[in-house]
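In: sequence and predicted structure are below.
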Amino acid sequence: MSTFDPDALECLAAIVEEGGFERAAQRLSITQSAVSQRLRALESQVGTVLIVRSRPLNATAAGQLLLKHTKMLRLLRADLERDLQELAPSSLGGAREEERISIAINADSIATWALQALTGLARQGLPMEIITDDQDFTHEWLREGQVLGCVTTLKQALRGCRVAPLGAMEYIAIAAPAFAQARLGAQGLLTAHNFRDVPFVAFNRKDDMQAEFVGKAFGLKRVTLNQLFVPSSEGQVRAVLAGWGVSVVPRLLAQGLLEQGQLVNVAPAHTLPIQLYWHCWNLASEVLDALTAALKQAAGAALATADGRP
């Protein structure tokens, strides 16, 4: 098998991750011409095109395989850095920009429990990059080899990966008290008869959480909602506080505001538990083991268990 130039592999990764040749050159501190030369040399060695020069740029199937290989090399280097740091703490400098360890986590987990899980590793100097996507889609980043792990709703382990259950994120329907009183009737509650009359604040067009909650709460097979989109978990809550409408958000995110009376639960008889799982490459790696242990510990403290207990 051919031995690939690590600099050329990182060049390929930079082009894809940064979305273009110019930004890749800036990240690698080389000229744009040098970026093109490294890519051409790598494509010549492989014998096929690795980048589709479209808008945005995309890696071909061969390019995706080399990207996954590059990220595995990063993981090996990160493991080596940790081992050497233990033996000679003062001998190593900071990690290079291109050696970032990428993981995909849904926005609601980032807004509630996941950052706390990763704080210790960040303070130890692990060069992480967190990519955010809907929890039903984060596993696609792992499937394509763009990240080494993800938090997702997918239960079955992907090929070449291992999986660990994290627990259930509980979702509730919230509104500002004044909005609930003005728009949801005398009791200020969401019902099967009035949900069509109010706007729902969703994360983005991928987000089906609002419709899923309403459908399961009221036994409806098809649900059509009037939706507004705010692509931020915290932003959804702020929009609800400002009276934009109703939103279905993690209980963890809204609990403090509910206790303060700034928000009300407009469907207190209903919750929607979403089971989350951590998937990562099935490799012997101290970094992967540390990430897995940190996420499982934090999720165990924050999320509900399989039997519904907090």
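Out: Ah, there it is.
In: ok, longest strand in the protein?
Out: As assigned by DSSP state E, the longest strand anywhere in the chain is strand 161-175.
In: centre of the chain to that one, how far?
Out: 13 Å (Cα atoms, centre = their mean, to the nearest Å).
In: what of stretch 253-267?
Out: Taking Cα atoms, centre = their mean, the mean C-alpha location of stretch 253-267 is offset from the chain mean by 25 Å.
In: please apply the same query to stretch 5-16.
Out: Here the centre of stretch 5-16 is set off from its chain's centre by 23 Å, with Cα atoms, centre = their mean.
In: report the buried residues of that stretch.
Out: 8-16 (16 or more other Cβ atoms under 10 Å). (Each C-beta comes from the backbone N, C-alpha and C, glycine too.)
In: most widely separated two among those?
Out: Distances among the buried residues of stretch 5-16 were taken as Cβ to Cβ; the most separated pair is 8 and 16, at 13.2 Å.
In: for residue 141, state which of the buried residues of stretch 5-16 is nearest.
Out: Set against residue 141, the nearest of the buried residues of stretch 5-16 by Cβ to Cβ is residue 16 (12.1 Å).
In: which ones are touching the nearest residue to the closest one once chain neighbours are set aside?
Out: Closest residue to residue 16 apart from its sequence neighbours, by Cβ to Cβ, 6 or more residues apart in numbering: residue 59 at 5.2 Å. Counting by Cβ atoms under 8 Å, 6 or more residues apart in numbering, residue 59 touches 12, 16, 50-52, 66-67.
In: same question, residue 246
Out: Residues near residue 246 by Cβ under 8 Å, 6+ apart: 173-175, 179, 190, 195, 198-201, 240, 266.
In: among the residues you listed, name the ones in strands.
Out: Among these, DSSP E puts 173-175, 199-201 in strands.
In: related to what we said a few turns ago, filter the buried residues of stretch 5-16 down to the ones in strands?
Out: Among those, no member falls in strands (DSSP E).
In: closest to residue 271 among the residues you listed?
Out: Nearest to residue 271 among the buried residues of stretch 5-16: residue 16, at 39.6 Å, using Cβ to Cβ.
In: hmm, the closest one is touching residue 53, no?
Out: No: with contact defined as Cβ atoms under 8 Å, residue 16 and residue 53 do not form a contacting pair (11.9 Å).
In: mutual contacts of these two, please.
Out: Residues touching both residue 16 and residue 53 by Cβ under 8 Å, 6+ apart: none at all.
In: sorry, back to before: bridging residues for the residue nearest to residue 16?
Out: Beta-bridge pairing for residue 59 (DSSP bridges): residue 51.
In: what score does it have for pLDDT?
Out: The confidence metric pLDDT takes the value 86 at residue 59.
In: and if you look at the one 4 residues further on?
Out: pLDDT recorded at residue 63 is 86.
In: excluding chain neighbours, what is closest to it?
Out: Residue 63's closest residue in space is residue 50 (Cβ to Cβ, 6+ apart), at 3.7 Å.
In: that neighbour touches residue 11, doesn't it?
Out: No: using Cβ under 8 Å, residue 50 makes no contact with residue 11, being 10.2 Å away.
In: tell me, what's touching the two both at once?
Out: Taking Cβ under 8 Å, 6+ apart as the criterion, residue 50 and residue 11 both touch 39, 42.
In: quick one: pLDDT of residue 273?
Out: On the pLDDT scale, residue 273 gets 96.
In: residue 93 too?
Out: Among the per-residue scores, residue 93 holds a pLDDT of 47.
In: what residue is smack in the middle of this protein?
Out: residue 105 (2.0 Å; Cα atoms, centre = their mean).
In: quick check: beta-bridge partners of it?
Out: Legend: beta-bridge partners of residue 105 under DSSP bridges are residue 132.
In: so it touches residue 129, yeah?
Out: No: Residue 105 is beyond contact range of residue 129, at 10.8 Å (criterion: Cβ under 8 Å).
In: show me the strands in the stretch 201-310 of the chain, by range?
Out: 226-229, 247-250, 264-265, 272-281 (DSSP state E, counting those that start in this stretch).
In: burial of the closest residue to residue 273 other than its chain neighbours, as a residue count?
Out: Nearest-residue entry for residue 273: residue 168, 3.9 Å, with adjacent residues in sequence omitted and distances by Cβ to Cβ, 6+ apart. Residues lying near residue 168 (other Cβ atoms under 10 Å) number 21.
In: ditto for the one 4 residues further on
Out: If you count neighbours by other Cβ under 10 Å, residue 172 ends up with 23.
In: so for residue 145, which of the strands of the stretch 201-310 of the chain sits nearest?
Out: Short answer: strand 272-281, nearest of the strands of the stretch 201-310 of the chain by Cβ to Cβ, at 9.1 Å.
In: next, the buried residues of that closest one.
Out: Neighbour-count burial for strand 272-281, with 16+ other Cβ under 10 Å as criterion, is recorded at 272, 274-281.
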